[in-house]
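**Student:** missing the sequence, but the structure's below:
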């Protein structure tokens, strides 16, 4: 008997008919002789709609009350799915995140999982029931408050439960057939991958690929949980994300995929004195503002003599953090000694990722050649062992992605299918 954790996203449980469809899939997995734990997101765009309501009644909603509000979406989904399963003759029980033993720190809105104690889930499974768990939420022991795990938190819930329960497999269901070489909504000619290593998947998630949340992939890598990404609406076997040794005989792709991200801003700190410690001062201010930095570029210092030499430091960060970081840097301008702070919200990041980059030459030449041929201007460049990222104008990003995808031979003759979802 295998233990399987299945996670269904908002588009998979978007209405009553879809919930009934999911119920049938869950029962089929259970009847095949498996113990089944199901993690669900809120229905459709419920989370966004609840956020809209909160903004209508408060310009600055309390983080604690916002978590209380937002977790209601997953509770609705879990109860409805359990009702549907029971109506079809199977036995199921639903659990909130706290009832499932998802223990977190006390940070509202973006809590991190500290511990998973799935005693009640074990009891349900041992009694032959299907366990339905509300994703995206947990509980802090010290404050006794409900918390949420941030965007994509249901993926993280599923992987954390799979690790704690020592599940044989964690399946992530969505509205596409698996992991593609690019977002099929953006590039319909993208190819579905049969398998991918967890390191490449982590880089793709970090670069903006939305099929899996980065924290879930990090959890899978750390706890060696294999993932299967597949569609709720087809029988396609999907894509295996190998975190264990089963993937050690896979041939590493030179480029596994192309990812884009329009959710970042660029900040340029102009005229920083070129002397030791100034970069440290700058990024201490950024850290105290609570922002995560992505790409950093420092230009060559300029000036007439040593005492007059200055440089500029540019970096990218999530667009939602830009205002508070600019305010913090402007407040610290006398301490840092820079001339001014400027920013640009109209940027896009394009990344190519592949484990085979470690051993293959020519990737950079192909990437920059494709961008040049397409007339794409590059503003910043960042690299790792298995990733190259560039920043460009967001209006050119889609054209850049298509050009690069074609240049690396990733186009398919068969158009990808997206079964549901608004992409909101």
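**Tutor:** Everything's here; your move. The structure displayed is predicted, hence computed values, not measured ones.

**Student:** can you pull the buried residues of stretch 287-299?
**Tutor:** Using 16 or more other Cβ atoms under 10 Å as the test for burial, stretch 287-299 gives 289, 291, 294, 295, 297. Bear in mind the C-beta positions are built from the backbone N, C-alpha and C, glycine included.

**Student:** Low-confidence ranges, the stretch 301-424 of the chain, go.
**Tutor:** Flagging of the stretch 301-424 of the chain using pLDDT under 70 yields the residue ranges 301-308, 420-424.

**Student:** Which residue ranges of the stretch 151-300 of the chain form helices?
**Tutor:** With DSSP state H, counting those that start in this stretch as the criterion, the stretch 151-300 of the chain has helices at 153-164, 198-206, 214-223, 278-288.

**Student:** Who are the packing partners of the third one?
**Tutor:** It refers to helix 214-223. Packing partners of helix 214-223 (3 or more Cβ pairs under 8 Å, 6 or more residues apart in numbering; DSSP states H and E): helix 153-164, helix 198-206, strand 227-231.

**Student:** just to revisit the earlier point, would you list the helices of the stretch 151-300 of the chain in CSV and tack on mean pLDDT?
**Tutor:** Shown next, in CSV, are these (pLDDT from 0 to 100):
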stretch, mean pLDDT
helix 153-164, 96
helix 198-206, 92
helix 214-223, 92
helix 278-288, 95
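
**Student:** which of the ones you listed sits most buried?
**Tutor:** Stretch with highest mean neighbour count among these: helix 153-164 (a mean of 28; mean count of other Cβ atoms under 10 Å).

**Student:** on contacts alone, who are the packing partners of that helix?
**Tutor:** With contacts taken as 3+ Cβ pairs under 8 Å, 6+ apart, helix 153-164 sits against strand 3-8, strand 35-40, strand 102-104, strand 113-116, strand 137-139, strand 169-174, helix 214-223.

**Student:** hmm, try it at 7 Å
**Tutor:** Where contact means 3 or more Cβ pairs under 7 Å, 6 or more residues apart in numbering; DSSP states H and E, helix 153-164 is packed against strand 3-8, strand 35-40, strand 113-116, strand 169-174, helix 214-223.

**Student:** quick one: contacts of the shortest one?
**Tutor:** When contacts are defined by Cβ atoms under 7 Å, 6 or more residues apart in numbering, strand 113-116 is touched by residues 101, 102, 103, 104, 105, 138, 156, 160, 161, 164.

**Student:** ditto for the longest one
**Tutor:** Applying Cβ under 7 Å, 6+ apart, the set of residues contacting helix 214-223 from outside is 152, 155-156, 159-160, 163, 198, 201-202, 205-206, 227, 241, 243.

**Student:** and if you look at the first one?
**Tutor:** For strand 3-8, the external contacting residues (Cβ under 7 Å, 6+ apart) are 22, 26, 29, 34-41, 135, 154-155, 158, 161-162, 165, 167-173, 232.

**Student:** Just the buried residues out of these, in PyMOL syntax.
**Tutor:** Buried residues among the contacts of strand 3-8 (16+ other Cβ under 10 Å), as a PyMOL selection:
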select buried, resi 22+26+29+34+35+36+37+38+39+40+41+135+154+155+158+161+162+165+167+169+170+171+172+173+232
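
**Student:** returning to what we had before: the contacts of strand 113-116: which two are farthest apart?
**Tutor:** 105 and 161 (17.9 Å; Cβ to Cβ).

**Student:** Which helix or which strand is home to residue 70?
**Tutor:** helix 63-87 (DSSP states H and E).

**Student:** List the neighbouring strands of the helix or strand following that helix plus their orientation.
**Tutor:** Later in the chain than helix 63-87, the nearest helix or strand by DSSP H and E is strand 92-95. Note on strand 92-95: by DSSP bridges, its sheet partners are strand 130-134 (parallel).

**Student:** Run through who's touching the strand it pairs with.
**Tutor:** 26, 30, 36-40, 71, 74-75, 78, 81-82, 85, 90-97, 100, 121, 124-125, 157, 161.

**Student:** Could you find which two of the buried residues of stretch 287-299 are furthest from each other?
**Tutor:** 289 and 297 (19.6 Å).

**Student:** follow-up on the earlier one: could you dump the helices and strands packed on helix 214-223 into TSV and include distance to residue 382?
**Tutor:** Below are the helices and strands packed on helix 214-223 laid out as TSV (distance: least, Cβ to Cβ, whole Å):
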stretch	distance to residue 382
helix 153-164	25
helix 198-206	11
strand 227-231	26
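
**Student:** Let me know which of these is the nearest to residue 312.
**Tutor:** Of all the helices and strands packed on helix 214-223, helix 198-206 sits nearest to residue 312, with 25.3 Å by Cβ to Cβ.

**Student:** same for that closest one, what does it pack against?
**Tutor:** helix 214-223, strand 239-242, strand 347-353.

**Student:** So which of these is nearest residue 315?
**Tutor:** It's strand 347-353; of those, that one is closest to residue 315 (Cβ to Cβ) at 11.5 Å.

**Student:** Which other helices and strands does that closest one contact?
**Tutor:** Strand 347-353 is packed against helix 198-206, strand 257-261, strand 264-273, strand 387-393, helix 397-407, with contacts defined by 3+ Cβ pairs under 7 Å, 6+ apart.
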